[in-house]
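Undergrad: Okay, sequence plus prediction incoming.
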Amino acid sequence: MPPIHHQLRVMETFRSLFYTPIYVSISGGFWQTAGLDISFSTTPSEYPHPLSAINHGAADIVQSGIMRSIIAADWGAETVPIHFAKINSRDGFFVLSRHQSPNFQWEELRGSKLIPVGFSPMPWASLQSALKKHAIQPDEIQLLHGLSLTDAISAFTNGQADYIHLPEPYAGQLIQQGIGHLIISLGTENGHIAYSSFATSNNFLEEQSDILDKFMAGYSKALEWLSNADPNEISRSVTPFFDKIPSPQIADAIARYKNQGTWSATPDLNEPEYQGLQDILIDAGLVIERQAYERVVTTRFFDNLEY
């Protein structure tokens, strides 16, 4: 007897190869095999971030930085969306230079112009943390804030900044064009942190636990496949989500992410990575009080998995 398929609305923050585990789960049919019909979309502009879509009933599950729930809890929210599975455990942003710098030193950033392409406060908070580790204060750099992704890339291309800070596939495009040169991988620099994960509402968590078990069953198999596949195989799987980008360029970007250990082979959202993220948020002044792991994360669904 074929499995009963449940409809599930899933949203991402923005389109990026950083979220390859989601695209693989869909294109590889892992969720469909688990009995789920996924309606997948990028968060529409009327919602400032995916957790807002959850709060307004426009999505069942979203990809989101766990930062959002931590900040909401810190501001006094009685309940916050709960995170239940890891998507990536390293920062997926890179810093590119306009000029080749094979012997790059962090001190070169002092007095320079940098464009931080931020889709949320988290990427900039992570970059600040790395700067401070190298004894550089953020106010020692001239920042070109407030640009859209398109305008930021255009400004960098036109020489209005020395450096740009952005994720894949956009970093790879600039590298392929010879416009940008990779000097910093924030994922390598800041180590394993609970950067991005799947979240849902407390009500959905309690009322649809059977659907979340199916979601996790499919997702864990997708992560296993992703862990064992080579960049070219993965590129073929995710190309439908990036139809304007050549497959070899996608494969190069995926190789960069795999080489720095961006994606885990299992979806468990562990406490050390959670606390590592909080360290960055507190250091950046985005959070005042440390929020308990159990306040924001549930382990019940990845604890239920059989490997």
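TA: It's in. Values in this document were obtained by computation on a predicted structure and should not be read as measured data.

Undergrad: got the end-to-end distance for stretch 223-237?
TA: 13 Å (C-alpha to C-alpha, to the nearest Å).

Undergrad: Now that stretch: average pLDDT?
TA: Mean pLDDT, stretch 223-237: 96.

Undergrad: likewise stretch 254-272?
TA: 94.

Undergrad: Span of that stretch from start to end?
TA: End to end - C-alpha to C-alpha - stretch 254-272 spans 25 Å.

Undergrad: Report the buried residues of that stretch.
TA: 254-258, 260, 262-264, 266-270 (16 or more other C-beta atoms under 10 Å). Heads up, the C-betas are built off the backbone N, CA and C, glycines and all.

Undergrad: Dump those residues to TSV, plus distance to His49 and secondary structure.
TA: Shown next, in TSV, are the buried residues of stretch 254-272 (distance: C-beta to C-beta, whole Å; DSSP: H, G, I helix; E, B strand; the rest coil):
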residue	distance to His49	secondary structure
Ile254	25	helix
Ala255	29	helix
Arg256	26	helix
Tyr257	23	helix
Lys258	27	helix
Gln260	25	coil
Thr262	21	coil
Trp263	22	coil
Ser264	23	coil
Thr266	26	coil
Pro267	22	coil
Asp268	24	coil
Leu269	19	coil
Asn270	24	coil
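
Undergrad: can you map out the strands along the stretch 101-250 of the chain?
TA: Assigned by DSSP state E, counting those that start in this stretch, the stretch 101-250 of the chain shows strands spanning 113-116, 142-143, 163-167, 181-185, 196-200.

Undergrad: Gly28: which of the ones you listed is closest?
TA: strand 196-200 (16.7 Å; C-beta to C-beta).

Undergrad: what's the neighbour count on the closest residue to Ala34 other than its chain neighbours?
TA: Leaving aside its chain neighbours, Ala34 sits nearest to Gly218 (3.4 Å; criterion: C-beta to C-beta, 6 or more residues apart in numbering). The number of residues packed near Gly218 is 22, by other C-beta atoms under 10 Å.

Undergrad: same question, Glu206
TA: Glu206: 9 neighbours (other C-beta under 10 Å).

Undergrad: While we're on it, how confident is the model there?
TA: Reading off the model, Glu206 has pLDDT 92.

Undergrad: Quick check: buried residues in the helix or strand bottoming out on mean pLDDT in the chain?
TA: In the chain, the helix or strand scored least confidently by mean pLDDT, DSSP states H and E is helix 300-303, which has a mean of 81. Across helix 300-303, burial judged by 16+ other C-beta under 10 Å covers Phe301, Phe302.

Undergrad: Give me the contacts around it.
TA: Applying C-beta atoms under 8 Å, 6 or more residues apart in numbering, the external contacts of helix 300-303 come out as Phe84, Ala85, Ser209, Leu212, Asp213, Phe215, Met216, Ser220, Thr266, Pro267, Asp268, Leu269.

Undergrad: Ok, stretch 198-218 next?
TA: 6, 8, 25, 30-36, 50-51, 54-55, 60-64, 66, 68-69, 79, 81-85, 87, 219, 267, 298, 300-302, 304-305.

Undergrad: can you list the domains in the protein?
TA: 6-90+193-303, 93-190 (automatic domain parsing).

Undergrad: can you give me the end-to-end distance of the shortest one?
TA: It refers to domain 93-190. Using C-alpha to C-alpha, the distance between the terminal residues of domain 93-190 is 11 Å.

Undergrad: swap in the longest one?
TA: This stretch, domain 6-90+193-303, spans 22 Å end to end (C-alpha to C-alpha).

Undergrad: and it, how far from the chain's centre?
TA: 7 Å (C-alpha atoms, centre = their mean, to the nearest Å).

Undergrad: Please report how far Ala34 lies from Lys214.
TA: 4 Å (C-beta to C-beta, to the nearest Å).

Undergrad: Also Ala222?
TA: Relative to Lys214, and taking C-beta to C-beta, Ala222 is found at 13 Å.

Undergrad: Would you mind listing where the stretch 1-150 of the chain has pLDDT under the threshold?
TA: For the stretch 1-150 of the chain, applying pLDDT under 70 flags the ranges 1-4, 118-119.

Undergrad: Would you map the helices across it?
TA: Ranges of helices in the stretch 1-150 of the chain, per DSSP state H, counting those that start in this stretch, are 20-27, 30-33, 50-55, 67-74, 121-133, 149-157.

Undergrad: Indicate which one of these is closest to Asp243.
TA: helix 20-27 (12.0 Å).

Undergrad: Please list all residues in contact with the nearest residue to Ala161 once chain neighbours are set aside.
TA: Nearest non-adjacent residue to Ala161, counting by C-beta to C-beta, 6+ apart: Lys113, 4.3 Å away. The contact partners of Lys113, by C-beta under 8 Å, 6+ apart, come to Ile141, Gln142, Leu143, Leu144, Gln160, Ala161, Asp162, Tyr163.
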